[in-house]
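Novice: have a look at this prediction, sequence included:
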Amino acid sequence: MARIRAFENAAEEASRGGVSAFGAAAAAAEVRVRGPLHLSTGQEAVAAGVCANLAPTDLLTSTHRGHGHSIAKGASLERMMCELFGRANGTNRGKGGSMHIADFSVGMLGANGVVAAGIAIAVGAAHALRLRGERAVVACFFGDGAVNRGPFLEGLNWAAIHRLPVLFVCEDNRWSATTPTAAMTAGEGALARARGIGVDGLAVDGNDVFAVDAAAAALLSEVRAGGGPRFLHAVTYRIKGHVSVDAAAYRDGKEVARALENDPLALAAARLGETEVRRILDEAQAEVQRALQVAAAAPWPDRASAYADVQDTGAGRWLG
Amino acid sequence: MARLSYAEAACAALERAMRDDARVVVLGEDVGRGGIFGQYRGLQERFGAGRVIDTPISEATIMGAAVGMALAGLVPVVEMRVVDFALCAMDEIVNQAAKARFMLGGQARAGLVARMPIGLWSGSAAQHSQSLEAWFAHVPGLAVVAPATPQDNYALLAAAIACGDPVAYLEHKELWSLAGEVAEDAAVPLGRAAVLREGGDLTLVAWSRTVHAALEAAAQAQRRGIGVEVIDLRTLWPWDRDTVLASCARTGRLLVAHEAVRVGGFGAEIAAEVAETLGIRVKRLGSPRIPVGYAKPLEDEARVDAARLLAAIESFG
Ligand SMILES: Cc1ncc(C[n+]2csc(CCOP(=O)(O)OP(=O)(O)O)c2C)c(N)n1
C-alpha cells in the first residue's frame, strides 16, 4: 500500500499540467507524464488485499485506474515509472502509458482504456487456463461504473456456466468520472447482480486491507478448489479527481473530508508499530525516488519502433 | 457575433435547438455536469434532467435507446465522449440507426446526432486517438460531419440536428478550446465545403484539425512560390464534389490529407473520384498504418502536421 501511495503521489507530481484535454500543456517539456492519469490514491487496500493472495502464476486484468493492481501483482516500480515517462525501457516500451500498463512477467495482462473491457478478457484467460490444464486463477478488477456495461452481464454469465477460475473484484470508489454511480445503478448493487447470475461472493470494507485480504483469501480458496467464479465487492473512495488534473468541483467537500479520515494507510498503520510504519513508508519513498531518477534518465523509444509489434501479416511501413 | 470556443459554439447551437424544438434531447455520460469537455455546459440547468439525460456507462444502450427515441418521435443528440468508445455501440449505429428508415420501408426514421470526437488526443495512446470517419462514410444511411472551426461547429451541429437523418457528428478531441467568431445566423448546409484559401497550383482537401495544418502549409508553400487552394470539406457524406472538382479542374493537382490512417482512408475515395472524373494527378496524405503510441516520439510518428503537408505539396514537383 505504501509503495502504491508513493508511486501515485510521484506520478501525480510528474503529470502537473499534463493533460492535453485541458490545454496544450501536454507538449511542455517539463511535463514528464502526459495524457490522462487516473490515480488510485485512497484505494490501495483493494489492490494490496486481493493481490496478497495471488501467486506470480495467477493472472490479473485491470482498468484505466490500474497502477495499484500492477504494483500489488509485483510489477517493477521502475519499469512502470519509465512507462509513464514514455521511455523505451517502460513495461510497454513507451507504447501504452498509464492506461495500458501490463507486465506479463508477473501475470499482469493489462490495464485498459475501455471501461469493462477487462472483464471479457479475464474470462477468456480463465477459459484458456482451464483448457490448458493449469491450476492458476484470474483476478479481474473493474470499477463500479463497469457494472452497467454489457460485458459485466456477459462475462459473469460465461464464467458461471463454465465454472471458470475467476475472482471478480468490483472496486467501488462511488464515482464514475463526474457521476455518482449510485444514481446510475439500479437494484441492490454489484454483489446482488452477481448473485443473480449465480456468482456468489462477499462485500467488504475496501479501505480495510485486513478485511479485503481475509475476504479474498476465502473466495480464492473456493475458486482454486474448482468452485467456479466468485465476486468481491470492495467499497472504497476515489480521493482524487477522475484524472489528475480534475479538481472534482462537482462533489461535496464534506464527502471527501470524511473519506480522508478513513485513509486505508492510516487504518493499517494503526495496527502496526510506529517504527515499523516509518520504515515501510521510507523504503517506499526511496524506491519511488530511484524509479523517478531512472525514468528521467531513460532513453526515448526510437521512431522506428512505432512500426514494430503492429502485426506480422502485412507488416511494414505503410507510410502516410 | 460572439467569440466562442469550439466547445461553447456547439453548446450554443444545442441550446438554441433545444429552445426551438421540444423534441430535441441529449443523452450520455456526464452530460449533467456539462460534459467532460464543457460541450454541454449549463444545458441541464436550463432544460432539466428530463431533456439532458445522464446515463450509466452503457454505450450500446445509450445509442440503442436513442434509436428508439428517434423512432418514437424525439430528436436525440447522443454523447459518446470519443469515437473510440462509440465502438461499443457499433451495432446500434450501423445495423439499427443507419438502416432503420430503409428497412422499415420509410415508416419511420432514426434521426439522431451521434457526437463521436475523432483525432489524435495527445498523451492518450492507442485506444483514445483514432480517426474512424471512413468507417461511417462507408455505411449507407449515415451523414458524416467533421467541423474544423467554432463557426462550423455551431452551424453544422444545428444543421445536423435539423436534417432528420442519423448523423455521425465528428468533432475533434483537441479542438475544444479553439476560439473564433461565431455568427448565429450563418447557416451552413450539410454537404457544402468551404474554400478557405485560393491558389492556382494545387488543390488541398482536408477536414477537422488537418484543415489548420493545411492552412499553415499553404502559407509556407506560397513563400516558395506554390499557390495552394485549401478546401475544408466539412461534411464527408455527402461530400461536396462540385466544389472539389471545380477547384481541381483549375489547379490540375489534388492532395487530400487527413489524420486518419491513409490506408483505406476517406482521402482514397476523394482522390479516386477526382482521378476518374478529371484524370489529373492525385496524392493522399494520412497517418502511417500504426496504432498511436503513448511516448511523444511514437505519437509524432502518427501525426500529420504542416511539415508533412508541405513535403507532400512539394513532392508534386
Ligand atoms: C466504454 C467506455 N465508456 C466511457 C469511457 C470513459 N470513462 C473512462 S473512466 C470512466 C468512469 C469509470 O468509472 P468506474 O468504472 O467506476 O471506474 P473509476 O474511474 O471510478 O475507477 C469513464 C466513463 C471509457 N473509458 N470506456
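Specialist: Thanks, I have it.
Novice: so which residue of chain A comes closest to the ligand?
Specialist: Nearest to the ligand, among the residues of chain A, is A:Gly143, at 2.3 Å (CB to the nearest ligand atom). Where you see a C-beta, it was placed from the backbone N, CA and C, and this is true even at glycine.
Novice: so that residue touches A:Asp172, yeah?
Specialist: Yes: in this structure, A:Gly143 is within contact of A:Asp172 by CB atoms under 8 Å, at 7.4 Å.
Novice: show me which of the two is the more surrounded one.
Specialist: A:Asp172 (27 against 23; other CB atoms under 10 Å in any protein chain shown).
Novice: how close does the more buried one get to A:Lys73?
Specialist: Per CB to CB, to the nearest Å, A:Asp172 is found 20 Å from A:Lys73.
Novice: repeat for B:Glu229
Specialist: The gap separating B:Glu229 from A:Lys73 is 56 Å, by CB to CB.
Novice: low-confidence ranges, the chain, go.
Specialist: No chain was given, so I picked chain A. Applying pLDDT under 70 to chain A picks out residues A:17-30.
Novice: wrong one, chain B
Specialist: For chain B, no stretch is flagged by pLDDT under 70.
Novice: direction included, what does the strand ranked longest in it pair against?
Specialist: Criterion DSSP state E: the longest strand present in chain B is strand B:253-261. Note on strand B:253-261: by DSSP bridges, its sheet partners are strand B:202-206 (parallel), strand B:281-287 (parallel).
Novice: what's the closest of those to A:Thr91?
Specialist: Closest to A:Thr91 of the strands paired with strand B:253-261 is strand B:281-287 (CB to CB; 24.9 Å).
Novice: and the next element down the chain from the closest one?
Specialist: Next in sequence after strand B:281-287, counting helices and strands by DSSP states H and E, comes helix B:296-302.
Novice: just the C-alphas of that next one, formatted as CSV.
Specialist: Only the C-alpha atoms of helix B:296-302 are listed here, as CSV (Å, rounded to 0.1, in the frame of the first residue of the first chain):
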residue,chain,number,x,y,z
LYS,B,296,5.9,11.6,-27.7
PRO,B,297,8.3,10.3,-30.5
LEU,B,298,5.9,7.5,-31.3
GLU,B,299,2.9,9.8,-31.2
ASP,B,300,4.7,12.2,-33.5
GLU,B,301,5.3,9.5,-36.0
ALA,B,302,1.5,9.2,-36.4
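Novice: ok now that helix, how far from the chain's centre?
Specialist: Chain-centre distance of helix B:296-302: 23 Å, with CA atoms, centre = their mean, to the nearest Å.
Novice: buried set for that helix?
Specialist: For helix B:296-302, the neighbour count (16 or more other CB atoms under 10 Å in any protein chain shown) marks B:296-299, B:301-302 as buried.
Novice: JSON lines for those residues, including distance to A:Ala116?
Specialist: As requested, the buried residues of helix B:296-302 are exported to JSON lines (distance: CB to CB, whole Å):
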{"residue": "B:Lys296", "distance to A:Ala116": "30"}
{"residue": "B:Pro297", "distance to A:Ala116": "32"}
{"residue": "B:Leu298", "distance to A:Ala116": "27"}
{"residue": "B:Glu299", "distance to A:Ala116": "26"}
{"residue": "B:Glu301", "distance to A:Ala116": "30"}
{"residue": "B:Ala302", "distance to A:Ala116": "27"}
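Novice: closest one to A:Ala217 out of these, please.
Specialist: The nearest member of the buried residues of helix B:296-302 to A:Ala217, counting by CB to CB, is B:Leu298 at 41.3 Å.
Novice: look up the closest residue to that closest one, ignoring the ones flanking it.
Specialist: Ranked by CB to CB, 6 or more residues apart in numbering or on different chains and with sequence neighbours excluded, the top spatial neighbour of B:Leu298 is A:Ala306, at 4.6 Å.
Novice: and A:Tyr307, by the same measure?
Specialist: A:Tyr307 sits nearest to A:Arg317 (CB to CB, 6+ apart), 5.5 Å away.
Novice: got the phi and psi for the residue of chain A found nearest chain B?
Specialist: Nearest to chain B, among the residues of chain A, is A:Gly35, at 2.5 Å (CB to the nearest CB). Note on A:Gly35: its backbone torsions stand at phi 80, psi -180 [degrees, to the nearest 10].
Novice: for it, the count of nearby residues, please.
Specialist: Neighbours of A:Gly35 using other CB under 10 Å come to 27.
Novice: what does B:Ile36 give?
Specialist: 21.
Novice: before we move on, what about the one 10 residues further on?
Specialist: Taking other CB under 10 Å as the neighbour definition, B:Arg46 ends up with a count of 12.
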